[in-house]
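Colleague: this one's structure only:
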């Protein structure tokens with residue numbers, strides 16, 4: 001009766017609709033609180049036929065203080081949520097399903113008997129999804145488990161949160177470099193009711209076994225305005241391997257590696273629905289190496305400086321990626337290079353490569369077992385500068401000009417492979 005009364009009150013006041021299944025007492029689920037189990041909770045964007053679900057949950061356990069109940073006060077102390085999803089959708093007209101659902105059906109000044117003073121919340125097997133139909137961005141989070149503890153004072157709430165989840169970001173139907181990435185997160189938060197600012201103490205994020213430190217603030221009263229810093233340092237490549245596609249990560253991890261690796265990022269600006277915050281990421285390596293221990297082949301003296309940002313307009317048109325001062329010693333050879341990409345809508349690519357290496361070193365370092373008895377030397381110099389039409393990339397080669405330059409020198413190349421019709425002997 002308590003739950004049904006509150007549901008009916010909410011449904012009268014708002015455009016959206018909450019539907020629930022059976023309710024039962026579960027006295028020991030959230031002990032020492034007495035709990036009510038609510039089955040199959042559904043929250044619809046509207047009361048119209050065929051309205052989409054914003055929220056669906058198999059089971060919610062609501063923990064209530066028995067002494068408050070005896071005194072006639074319904075005060076929620078703990079919530080446990082198991083198996084469900086929450087989906088926020090930004091429509092092309094700028095509205096979103098959540099604000100639509102909470103738009104008022106009627107003016108009301110009634111105050112119910114329900115109070116919420118959460119001391120803890122738990123989630124298990126819960127999916128969060130934020131889908132922007134205006135730009136095709138789809139952020140999907142699978143929460144395996146999460147626990148939060150809360151402590152309230154007069155004008156602030158302090159919280160400690162522990163969670164493990166999987167993150168997947170899809171842009172216009174294509175997965176990004178954040179694809180099925182595994183995270184573990186532990187943090188302490190403090191929210192001021194007066195200012196609306198959420199402060200995040202220096203906290204540890206574990207992504208694919210690489211640790212990053214997160215800190216900063218979120219202004220909840222100003223379009224979720226972010227001022228966040230993410231940083232990490234490591235004596236191996238784990239920080240960078242964490243961003244590698246899951247399909248090639250096991251291959252990369254076969255190599256012994258070490259070096260001075262760093263990753264520093266900032267997120268600034270509004271992040272509410274309809275806004276994109278500015279991001280700027282700097283990463284790099286020095287005094288690094290990768291070694292194939294099966295063949296004793298090592299790429300040594302590695303170094304590079306990387307940069308990635310979405311730029312002034314905070315979208316793909318001002319997005320920029322670069323890696324400069326790339327160096328490596330390839331056995332008896334060397335590698336130097338740089339690459340810069342501007343405007344991800346019509347990419348302008350500027351790239352240089354200067355490399356010299358022995359083919360047997362590369363074949364063994366990369367485990368190219370299909371190629372036998374490889375030997376010979378290769379020298380490559382290349383410069384490339386052009387704007388690529390993503391719809392017609394072949395046009396980049398129609399009008400070669402001074403922006404393209406390459407010189408390849410091959411000496412005494414020898415290789416045998418089942419993929420070749422005949423062995424190559426002394427190719428120059």
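Modeller: That came through fine. Remember, it's a predicted structure, so these values are computed and weren't measured experimentally.
Colleague: residues contacting residue 132?
Modeller: 90, 138, 273 (C-beta atoms under 8 Å, 6 or more residues apart in numbering). The way it works is simple: take the backbone N, C-alpha and C, and place the C-beta from them, glycine included.
Colleague: okay, those residues in CSV with distance to residue 132 and secondary structure next?
Modeller: What follows is these, written out as CSV (distance: C-beta to C-beta, whole Å; DSSP: H, G, I helix; E, B strand; the rest coil):
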residue, distance to residue 132, secondary structure
90, 4, strand
138, 8, strand
273, 8, coil
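Colleague: Out of these, which comes closest to residue 168?
Modeller: For the contacts of residue 132, the residue nearest residue 168 by C-beta to C-beta is residue 138; the value is 8.3 Å.
Colleague: hey, what's residue 411 bridged with?
Modeller: Counting by DSSP bridges, residue 411 is bridged to residue 377.
Colleague: For residue 135, see how far away it is.
Modeller: As judged by C-beta to C-beta, to the nearest Å, residue 411 and residue 135 stand 51 Å apart.
Colleague: in what helix or strand does residue 217 lie?
Modeller: For residue 217, the element it lies in under DSSP states H and E is strand 210-219.
Colleague: any idea which helix or strand comes after that strand?
Modeller: Heading C-terminal from strand 210-219 (DSSP H and E), you reach strand 225-234.
Colleague: The helix or strand encompassing residue 82 - what's its average pLDDT?
Modeller: Counting by DSSP H and E, the secondary-structure element that holds residue 82 is strand 74-90. Here strand 74-90 scores 87 as its mean pLDDT.
Colleague: I'd like the contacts of residue 132 laid out as TSV, including neighbour count and distance to residue 423.
Modeller: Output for the contacts of residue 132, formatted as TSV (neighbours: other C-beta atoms under 10 Å; distance: C-beta to C-beta, whole Å):
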residue	neighbour count	distance to residue 423
90	20	60
138	19	50
273	20	62
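Colleague: I'd like to know which of those is nearest to residue 426.
Modeller: residue 138 (54.5 Å).
Colleague: so what's that closest one up against?
Modeller: Residue 138 touches 129, 130, 131, 132, 169, 170, 171, counting by C-beta under 8 Å, 6+ apart.
Colleague: what about 7 Å?
Modeller: Listed by C-beta atoms under 7 Å, 6 or more residues apart in numbering, the contact partners of residue 138 are 131, 170.
Colleague: Mind pulling the model confidence for it?
Modeller: 89.
Colleague: same check, this time on residue 284
Modeller: pLDDT, residue 284: 96.
Colleague: The strand or helix carrying residue 257 vs strand 225-234, what angle?
Modeller: Assessed by DSSP H and E, residue 257 sits inside strand 256-270. Angle, strand 256-270 to strand 225-234, by axes from the mean of the first three to the mean of the last three C-alpha atoms, to 10 degrees: 170 degrees.
Colleague: and strand 256-270, what does it pack onto?
Modeller: strand 225-234, helix 238-241, strand 278-292 (3 or more C-beta pairs under 7 Å, 6 or more residues apart in numbering; DSSP states H and E).
Colleague: Please enumerate the helices of this structure.
Modeller: 2-13, 66-70, 97-101, 238-241, 249-252, 359-365 (DSSP state H).
Colleague: list the helices and strands the fourth one packs on?
Modeller: Where contact means 3+ C-beta pairs under 7 Å, 6+ apart, helix 238-241 is packed against strand 256-270.
Colleague: Direction included, what does the strand it packs on pair up with?
Modeller: strand 225-234 (antiparallel), strand 278-292 (antiparallel).
Colleague: Just put these in TSV and tack on distance to residue 209.
Modeller: Output for the strands paired with strand 256-270, formatted as TSV (distance: least, C-beta to C-beta, whole Å):
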stretch	distance to residue 209
strand 225-234	11
strand 278-292	17
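Colleague: longest strand in the protein, by residue count?
Modeller: strand 114-132 (DSSP state E).
Colleague: List the buried residues in that strand.
Modeller: 118, 119, 120, 121, 122, 123, 126, 127, 128, 130, 131, 132 (16 or more other C-beta atoms under 10 Å).
Colleague: isn't the second one right next to residue 78, touching?
Modeller: Yes: Residue 119 lies in contact with residue 78 (C-beta atoms under 7 Å); the separation is 6.0 Å.
Colleague: Could you list the low-pLDDT ranges of the chain?
Modeller: The chain contains residues with pLDDT under 70 at 1-2, 28, 30-32, 67-75, 105-117, 175-176, 389-403.
Colleague: centroid residue for it?
Modeller: residue 178 (4.9 Å; C-alpha atoms, centre = their mean).
Colleague: Enumerate every residue touching it.
Modeller: Per C-beta under 7 Å, 6+ apart, neighbours of residue 178: 167, 168, 169.
Colleague: Could you pick out which of these are located in strands?
Modeller: 167, 168, 169.
Colleague: now, which of the residues you listed sits nearest residue 282?
Modeller: residue 169 (20.7 Å).
Colleague: circling back: JSON lines for the helices and strands packed on strand 256-270, including mean neighbour count?
Modeller: Listed next are those as JSON lines, based on neighbours: other C-beta atoms under 10 Å:
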{"stretch": "strand 225-234", "mean neighbour count": "18"}
{"stretch": "helix 238-241", "mean neighbour count": "20"}
{"stretch": "strand 278-292", "mean neighbour count": "18"}
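Colleague: For residue 350, state which of the ones in strands among the contacts of residue 178 is nearest.
Modeller: Of the ones in strands among the contacts of residue 178, the one sitting nearest to residue 350 (C-beta to C-beta) turns out to be residue 169, at 27.0 Å.
Colleague: That closest one against residue 139, yeah?
Modeller: Yes: using C-beta under 7 Å, residue 169 is in contact with residue 139, at 5.5 Å.
Colleague: Give me the common contacts of those two.
Modeller: Shared contacts of residue 169 and residue 139, counting by C-beta under 7 Å, 6+ apart, come down to nothing at all.
Colleague: before we move on, back to that, farthest-apart pair in the buried residues of strand 114-132, please.
Modeller: 119 and 132 (34.3 Å).
Colleague: Buried residues in the strand holding residue 257, which are they?
Modeller: 257, 259, 261, 262, 263, 265, 266, 267, 268, 270.
Colleague: ok and that strand relative to strand 210-219, angle-wise?
Modeller: Going by the same axes, to 10 degrees, strand 256-270 makes 10 degrees with strand 210-219.
Colleague: Quick one: residues contacting residue 276.
Modeller: 314, 315.
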